[in-house]
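Asker: generate coordinates for the sequence data below:
(4 chains)
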Number of protein chains: 2
Amino acid sequence: MEPVTMLLAMSYRAMGDRFHERLAQVGLEPLRPAHGYVFRFLAEKRATAQDLATHLGVTKQAAAKIVNELVEWRYVLREPHPTDKRAQYVTLTTKGRDYLRFADGMWADLEGEMAEIIGPERLDALKNDLKRYLDHTGVHHLRPVW
Amino acid sequence: MEPVTMLLAMSYRAMGDRFHERLAQVGLEPLRPAHGYVFRFLAEKRATAQDLATHLGVTKQAAAKIVNELVEWRYVLREPHPTDKRAQYVTLTTKGRDYLRFADGMWADLEGEMAEIIGPERLDALKNDLKRYLDHTGVHHLRPVW
DNA sequence: TCCTTGTAGACAACTTGGTTGACCATATCG
DNA sequence: CGATATGGTCAACCAAGTTGTCTACAAGGA
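Answerer: Numbering: from 1, shown residues only, chains lettered A, B, ... in the order given. Next up is the predicted model:
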């Protein structure tokens, strides 16, 4: 029997691949997981590039690159920081918020698909088991660089 | 509730991190997942660099780099192909086989740890559910580049 | 046999997504 | 006010892959 590690990795990959397949079908830019992480972060609070860097667990330079891409693609825009003239806030555009809704819907679809296959009650049990494992091992935040 | 995708990714990462922690403790070279894949492949059959490339799902050049590292670190060695003067077989050294045993033991330990946390019967169910999902989505082989 | 076509492996240049280091302008604290 | 810390940018580097090219050998006809 295959080790759990493999099964976890493969399942994650399977879902991720299906996600990106559909992304490509819709003709969207090739967004990476890190971008999704940025969107979700920005949806909750205003943040500077440095805030994003901290949240993503990368250097500010790496975060700046990501922000640059997203600005070019019109998913986010920079606006002046009200009190700190060095800093700039990064905020979601309408396109950015639309993408986030779209992505959330798709993840939900994929999870629903899984529920159909293994049964909703098994899915629930599975999620609970994984959460208990994570709780025990003390992993609560995950860098989006996988 | 967090989406399954996140939970799968985080659980995989948690196990992987624990694995590499222990690797580092033992003072071994910083082997990546791809290396483990190579070992497991070589343990079963003799293979050329090209065979490995196909198995790993990367170009032969990328496979050649990996083989070079492993040769430097004395985990594998090259020997002439008996019938094809172009090709070379890559075979595990004793050090390579030792590593493989060590790694297998550690993965088993980590799985045992998970069994303790969520219960052996839940672990079993979880693995079965994931397998059913993978079966359904048609993912049977996974490239080690995650 | 020879000749064409295919393939294993090496070498080099490029790409991607990160890193470190240096710097400027502005903030902040004693 | 002055020393020190911090946000953002620029530039150089690195790691792990890619594509493209080349050589030597293999293999299957004509």
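
Asker: rest of the way, CA atoms for contacts and neighbours
Answerer: Will do.

Asker: ok, longest helix in chain A?
Answerer: Using DSSP state H to define each element, chain A has its longest helix at helix A:94-118.

Asker: stretch A:127-143 near DNA strand C at all?
Answerer: No - using CA under 7 Å from any atom of the strand, we find that stretch A:127-143 stays clear of DNA strand C, coming within 9.3 Å at best.

Asker: what lies in contact with that stretch?
Answerer: Contacts to stretch A:127-143, defined as CA atoms under 8 Å, 6 or more residues apart in numbering or on different chains, come from residues A:55-57, B:4, B:7-8, B:10-11, B:14, B:114, B:117-118, B:122.

Asker: tell me the residues of chain A that contact DNA strand C?
Answerer: Residues of chain A lying near DNA strand C (CA under 7 Å from any atom of the strand): A:32, A:34, A:57-62, A:66, A:83-86, A:145.

Asker: may I see the PyMOL selection of the buried members of those?
Answerer: In PyMOL, this line selects whichever of those come out buried by 16 or more other CA atoms under 10 Å in any protein chain shown:
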select buried, chain A and resi 34+57+60+62+66
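
Asker: enumerate the residues of chain A near chain B.
Answerer: Within chain A, the residues that sit near chain B (CA under 8 Å from any CA of the partner chain) are A:3-5, A:7-12, A:14-16, A:107-108, A:111, A:114, A:117-118, A:122, A:126-127, A:129-134, A:136-137, A:139, A:142, A:146.

Asker: derive a PyMOL selection command for the buried subset of the residues you listed.
Answerer: Restricted to buried positions by 16+ other CA under 10 Å, the PyMOL selection for the residues of chain A next to chain B reads:
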select buried, chain A and resi 4+5+7+8+9+10+11+12+14+15+16+107+111+114+117+118+122+126+127+129+130+131+133+134+137+142
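
Asker: quick one: mean pLDDT for stretch A:83-97?
Answerer: Stretch A:83-97 shows a mean pLDDT of 97.

Asker: what does stretch A:38-48 give?
Answerer: Mean predicted lDDT for stretch A:38-48 stands at 96.

Asker: that's a strand at residue A:78, yeah?
Answerer: Yes - membership of residue A:78 in a strand is supported by DSSP: H, G, I helix; E, B strand; the rest coil.

Asker: for it, give me its contacts.
Answerer: By CA under 8 Å, 6+ apart, the contact set of residue A:78 is A:71, A:88-91.

Asker: show me which of these are buried.
Answerer: If you count burial by 16+ other CA under 10 Å, the buried members of those come out as A:71, A:88-91.

Asker: from the residues you listed, which are also near DNA strand D?
Answerer: Okay, of those touching DNA strand D (CA under 7 Å from any atom of the strand), that's A:88-89.

Asker: now, which of the buried ones among the contacts of residue A:78 lie within strands?
Answerer: Of the buried ones among the contacts of residue A:78, the ones assigned to strands by DSSP state E are A:88-91.

Asker: among those, which two are most distant?
Answerer: Farthest-apart pair in those is A:88 and A:91; separation 9.6 Å (CA to CA).

Asker: which residues are in contact with both of these two?
Answerer: Common neighbours of residue A:88 and residue A:91 (CA under 8 Å, 6+ apart) are A:78-79.

Asker: which one of the buried ones among the contacts of residue A:78 sits closest to residue A:40?
Answerer: Closest to residue A:40 out of the buried ones among the contacts of residue A:78 is residue A:91 (11.2 Å), distances taken as CA to CA.

Asker: thought that closest one was touching residue A:47?
Answerer: Yes - here residue A:91 reaches residue A:47: they are 7.4 Å apart, a contact under CA atoms under 8 Å.

Asker: would CSV of the residues of chain A next to DNA strand C with distance to DNA strand D be doable?
Answerer: As requested, those are exported to CSV (distance: CA to the nearest atom of the strand, whole Å):
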residue, distance to DNA strand D
A:32, 17
A:34, 17
A:57, 13
A:58, 12
A:59, 9
A:60, 6
A:61, 5
A:62, 8
A:66, 10
A:83, 11
A:84, 8
A:85, 8
A:86, 5
A:145, 13
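
Asker: with that, I have no additional questions.
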